[in-house]
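Asker: this one's sequence-less:
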């Protein structure tokens, strides 16, 4: 019944390849542009898809034009900090919401749900004002703080802990293990998958963010990669080879990360969307 | 639970649950909930970047009514929803059907189609600025086949349309995965029964697939309409900070960013625009989800 006929199979592959060209083609064109030498015509018509004399020269030039490696390092710091704080903070809070009994638990849960519903774009000016009052404007700490424990992640962790059977912890309970021991030794190791999902999304979210760093950071030496690229584009828009090299530097680590972790990725998107 | 464990729980230090929740509560309190409340308050003041401002009642909202830029922003953000949402509800569903069947190499295609989602919006924006450039790839292809060059990024409407296409392009893979999860729950027998009855692919899509994933379509509609109304990066990158020719491509969030930041930023006025963004996004969400509930009864 489920056998696929040859004709249908051919049609499927033709369509798949067409969509592939449409989704991945633009990245390859960008890569190709970044490898074209200064004497090559990048505006030719018909276009030439392969560089005639492939060169890494543009990657050196982009580093001479803007401190692209510093920007990448800033992005890496921001993304790493975001991963650590989100994993730790949302695991702790998620555990408190799912497994601990105390007065005010429902109020705490409600606070996270409300926070998840607030559109960040709508409060961005007030966040900016808050950050200035704290004296953290134009710092990487200021970039990290507002999203460093995402309400969505807390609720994801809460769901994961809720799905654990109570019996697992009960034995430790009877043996007199305290909250901290039960959390660290028993509950947390059982939800590793969700922690991985939170980590991946925290990294991507921080590495890709544009609007908030654009608002917080004003000093070019503190820029993250996305803001740096926008700056590069604005200042040197006339040389597409440079902009292309910059974008390749920005996107390559993410594609590598994604290729390595795609299994968790798809599970996470599916779960998050259905539950969220 | 035995009484001894209960007493053990009772003996627990009462503050420890709060210590677990404290970091999270502190962060969302300080950087989400407090800014939310202060946005509501600021909208009724004439607060500026370095000036605390005073209560001005509804003056900001009255000014909005006469602000051409606000209407341009509202128009563009609304057009964005109308243009992007139907495409993002339908195309990823078709794509999910295409990659659903387990044929050799399909996991590669699934991952490859997801690449635009992974790439940051700035990278995506700059790639498309280059593709759509007056002298870029798409125009040189158009010229090669004899159509001639089109100013995608210089015309106000073409620019908005191009930005919408980019949003759709970047969102395809994300919503495809959501649909894949939903399609996995559609009983195969339904399709087979319809096929036995002689229903063709299109008919099966309309009579079997669509009803089965209708609530997912509503979810995708809600998510994509809220995201579309708040569009910032695509248009900002393609049209520039000032919003294209004569600012005609400005969206509401671009207006919030432009009005509220900088040393002369009008925090109060930007907050009033933010309130409009809140109200419309909440309304969109309710509208789509309610339409879904009505469709089910």
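Answerer: Happy to help now that I have it. If you're wondering where the values come from, they're calculated on a predicted model, not measured in any experiment. Numbering: from 1, shown residues only, chains lettered A, B, ... in the order given.
Asker: do you know how far residue B:118 is from residue A:213?
Answerer: 19 Å (Cβ to Cβ, to the nearest Å). Heads up, the C-betas are built off the backbone N, CA and C, glycines and all.
Asker: same thing with residue B:201?
Answerer: Taken as Cβ to Cβ, the span from residue B:201 to residue A:213 is 46 Å.
Asker: Show me which of those two is the more surrounded one.
Answerer: Taking other Cβ atoms under 10 Å in any protein chain shown, residue B:201 and residue A:213 do not tie; residue A:213 has more neighbours (24 against 11).
Asker: The helix or strand hosting that one: which residues count as buried?
Answerer: Assigned by DSSP states H and E, residue A:213 belongs to helix A:211-216. Neighbour-count burial for helix A:211-216, counted by 16 or more other Cβ atoms under 10 Å in any protein chain shown, picks out A:211-216.
Asker: need the contact list for residue 55.
Answerer: In the absence of a named chain, chain A is used. With contact taken as Cβ atoms under 8 Å, 6 or more residues apart in numbering or on different chains, residue A:55 is in contact with A:35-37.
Asker: Hmm, no, I was thinking of chain B.
Answerer: Counted by Cβ under 8 Å, 6+ apart, residue B:55 has contacts B:44-45.
Asker: partner residues bridging it?
Answerer: residue B:45 (DSSP bridges).
Asker: so where is the stretch 151-276 of chain A shaky, pLDDT-wise?
Answerer: For the stretch 151-276 of chain A, residues meeting the criterion pLDDT under 70 lie at A:236-237, A:265-276.
Asker: quick one: the closest residue to chain B within it from residue B:125, how far?
Answerer: At 3.5 Å from chain B, residue A:208 is the closest residue in the stretch 151-276 of chain A, using Cβ to the nearest Cβ. For residue A:208, the distance to residue B:125 (Cβ to Cβ) stands at 11 Å.
Asker: which residue packs closest to residue B:132, ignoring adjacent ones?
Answerer: residue B:152 (4.1 Å; Cβ to Cβ, 6 or more residues apart in numbering or on different chains).
Asker: Correct me if wrong, but the one you found is in a helix.
Answerer: No. Going by DSSP: H, G, I helix; E, B strand; the rest coil, the assignment for residue B:152 is coil, not a helix.
Asker: was I right about it contacting residue B:164?
Answerer: No. Judged on Cβ atoms under 8 Å, residue B:152 makes no contact with residue B:164 at a distance of 11.8 Å.
Asker: ok so, going back, counting neighbours, what do you get for the residue nearest to residue B:132?
Answerer: Residue B:152 has 22 nearby residues by other Cβ under 10 Å.
Asker: what do you get for residue A:5?
Answerer: Residue A:5: 8 neighbours (other Cβ under 10 Å).
Asker: Can you check the pLDDT for it?
Answerer: pLDDT recorded at residue A:5 is 79.
Asker: Relative to residue B:103, how far out is it?
Answerer: Taking Cβ to Cβ, one finds residue A:5 at 12 Å from residue B:103.
Asker: ranges for the helices of the stretch 151-276 of chain A?
Answerer: With DSSP state H, counting those that start in this stretch as the criterion, the stretch 151-276 of chain A has helices at A:151-162, A:167-174, A:179-181, A:188-190, A:192-208, A:211-216, A:225-235, A:240-275.
Asker: what's the fifth one in contact with?
Answerer: Just to be clear, that refers to helix A:192-208. Contacts of helix A:192-208 (Cβ under 8 Å, 6+ apart): A:75, A:78-83, A:86-87, A:90-91, A:144, A:147, A:150, A:153, A:156-157, A:159-160, A:188, A:225-226, A:253-254, A:257, A:261, A:264-265, A:267-268, A:271-272, B:118-122.
Asker: Could you tell me which residues within it count as buried?
Answerer: Those would be A:194-208, for helix A:192-208 by 16+ other Cβ under 10 Å.
Asker: Can you tell me which of the residues you listed is closest to residue B:145?
Answerer: Comparing the buried residues of helix A:192-208 against residue B:145 with Cβ to Cβ places residue A:208 closest, at 35.0 Å.
Asker: which sections of chain B are below the confidence cut-off?
Answerer: Looking at chain B by pLDDT under 70, you get B:1-13, B:296-297.
Asker: Got phi/psi on the spatially most central residue of it?
Answerer: Closest to where the C-alpha atoms of chain B average out (Cα atoms, centre = their mean) is residue B:227, at 1.6 Å. For residue B:227, the backbone dihedrals (degrees, to the nearest 10) come out as phi -60, psi -40.
Asker: Tell me who's in contact with it.
Answerer: If a contact means Cβ under 8 Å, 6+ apart, then residue B:227 has residue B:171 as its contacts.
Asker: run the last query once more with 10 Å
Answerer: A:119, A:121, B:80-81, B:84-85, B:88, B:167, B:171, B:174, B:281, B:284 (Cβ atoms under 10 Å, 6 or more residues apart in numbering or on different chains).
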